[in-house]
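K.L.:
sequence unavailable; structure follows:
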C-alpha cells in the first residue's frame, strides 16, 4: 500500500482525536460544533482504514520468510539469492555468486524516494485546519463572542429572573474569568445564601442568552441544565441553604422560568422532569444535592400542591 495516504490518514486521525479532546476542554468549541461531529469524523476515518485494507490487492504467491521480489530487486538482483564466502584481506566475507572482491559488487540500486512536497502540504493543511478551529472559531464563539451590550442585556435579564424567584433585588454575574465558578471550582453556579449576588459560568449564561434572545432551544439537556442552575442559585439568594431542597424548588420554579425565557410550557416541564429524574445519578458524586423524598407531587416540598403537575 502506498504510504503517503496512510501518513495523511494518520495525521487526520490525530487531528480528530485532538478535536474531540478540545471539545471537552474548550467550552467555546461546544457552542459551535456538536459532539457527534468529531466522533463521526473519527469513525469515518477508521472505516476508511478498514476499507482500504480490504481493497488492497494481494500479491501473488505465498508470502513467507524468503526475500520478496521487491527485496531482491532492491538488493541488486537474483545473484544475491546464492551468496558465497570469499576471503578478503584475511577475513571471510559473504559476496554474491561470481564476485571475488568487494570491488566486484555493484552498489544496490538507490531506493526511490517520494517527493517531500506532498507530505509537507498535507501537514500544512492539517495544521491550518486545527489553527482555524482553535484560533478563529473558538475565540469568537460562546459568551466571549458576544459584544458588551449583549452581555449586559443578558446579565440584566438573568438578574431580573433571579430576583423574581428570590423575592428581592438580585445581581447575576457571568464569571467569564472563572474566578468564582467553572472547571477549577467544579461548579456551574454559586450564590450568597440570602444575599444579592450570584455567579454563573459563561457557558450557562450563553445558553440562556441563546434561548432568550435568539429563540434557540439548543440541546435539550444543556438548556434544561442551564435553567435549573439559574433557578437553583436564585433559591439560594432567597435564603435556602440545603442543596437538596434547593434543587427540588429549582426544578419546580424552572418550569415557569423556562417559559418566560421563551420555551413552550410543555417543553419547559419536560426539561425539569428530566432534571429531577437525573438527580439521583448526578447526586452520586455529591450526595448533598440529592432531593429529599418529600420532593414529589403532594409532598411537603411541593410548591403548588393544588396542581396535578410536578414539577
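P.N.:
Nice, I can see it. Here the structure is a predicted model, which means the values were calculated and not measured. Numbering: from 1, shown residues only.

K.L.:
domains of the protein?
P.N.:
Domain ranges of the chain: 3-55+117-143, 69-102, 146-289, per automatic domain parsing.

K.L.:
hey, what's the residue lying closest to residue 205 once chain neighbours are set aside bridged with?
P.N.:
Distances taken as CB to CB, 6 or more residues apart in numbering place residue 174 nearest to residue 205, at 3.8 Å, with adjacent residues excluded. Where C-beta positions appear, they are placed from N, C-alpha and C, glycine not excepted. For residue 174, the beta-bridge partners under DSSP bridges are residue 200.

K.L.:
who's in contact with residue 174?
P.N.:
143, 151, 154, 155, 158, 199, 200, 201, 202, 204, 205 (CB atoms under 8 Å, 6 or more residues apart in numbering).

K.L.:
quick one: it from residue 214, how far?
P.N.:
Distance, residue 174 to residue 214, by CB to CB, to the nearest Å: 16 Å.

K.L.:
do the same with residue 18
P.N.:
From residue 18 across to residue 214, the span is 30 Å (CB to CB).

K.L.:
quick one: which of the two has more around it?
P.N.:
Legend: neighbour count by other CB atoms under 10 Å for residue 18 and residue 214, higher for residue 18 (15 against 11).

K.L.:
how about the helices of the stretch 101-250 of the chain, start to end?
P.N.:
116-131, 138-140, 148-166, 202-214, 220-238, 243-260 (DSSP state H, counting those that start in this stretch).

K.L.:
most tightly packed of those?
P.N.:
Mean neighbours per residue, mean count of other CB atoms under 10 Å, is largest over the helices of the stretch 101-250 of the chain for helix 220-238, with a mean of 24.

K.L.:
quick one, that one and helix 148-166 angle?
P.N.:
Interaxial angle, helix 220-238 versus helix 148-166 (axes from the mean of the first three to the mean of the last three CA atoms, to 10 degrees): 60 degrees.

K.L.:
if you average pLDDT over helix 220-238, what comes out?
P.N.:
The predicted model assigns helix 220-238 a mean pLDDT of 97.

K.L.:
mind giving me the packing neighbours of that helix?
P.N.:
helix 148-166, strand 189-191, strand 197-200, helix 202-214, helix 243-260, helix 265-282 (3 or more CB pairs under 8 Å, 6 or more residues apart in numbering; DSSP states H and E).

K.L.:
identify whichever of the ones you listed lies nearest to residue 292.
P.N.:
Nearest to residue 292 among the helices and strands packed on helix 220-238 is helix 243-260 (5.5 Å), distances taken as CB to CB.

K.L.:
lowest-confidence stretch among the helices of the stretch 101-250 of the chain?
P.N.:
When I compare the helices of the stretch 101-250 of the chain, helix 138-140 is least confident, with a mean of 52.

K.L.:
so can I have CSV of the helices of the stretch 101-250 of the chain showing distance to residue 311?
P.N.:
Shown next, in CSV, are the helices of the stretch 101-250 of the chain (distance: least, CB to CB, whole Å):
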stretch, distance to residue 311
helix 116-131, 43
helix 138-140, 36
helix 148-166, 14
helix 202-214, 19
helix 220-238, 10
helix 243-260, 4
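
K.L.:
which one of those lies nearest to residue 283?
P.N.:
Closest among the helices of the stretch 101-250 of the chain, using CB to CB: helix 243-260, at 7.9 Å.

K.L.:
show me the contact partners of that closest one.
P.N.:
161, 165, 223-224, 227-228, 230-232, 234-236, 240, 265, 267-269, 271-273, 275-276, 279, 283, 286, 288-292, 294-295, 301-304, 310-311.
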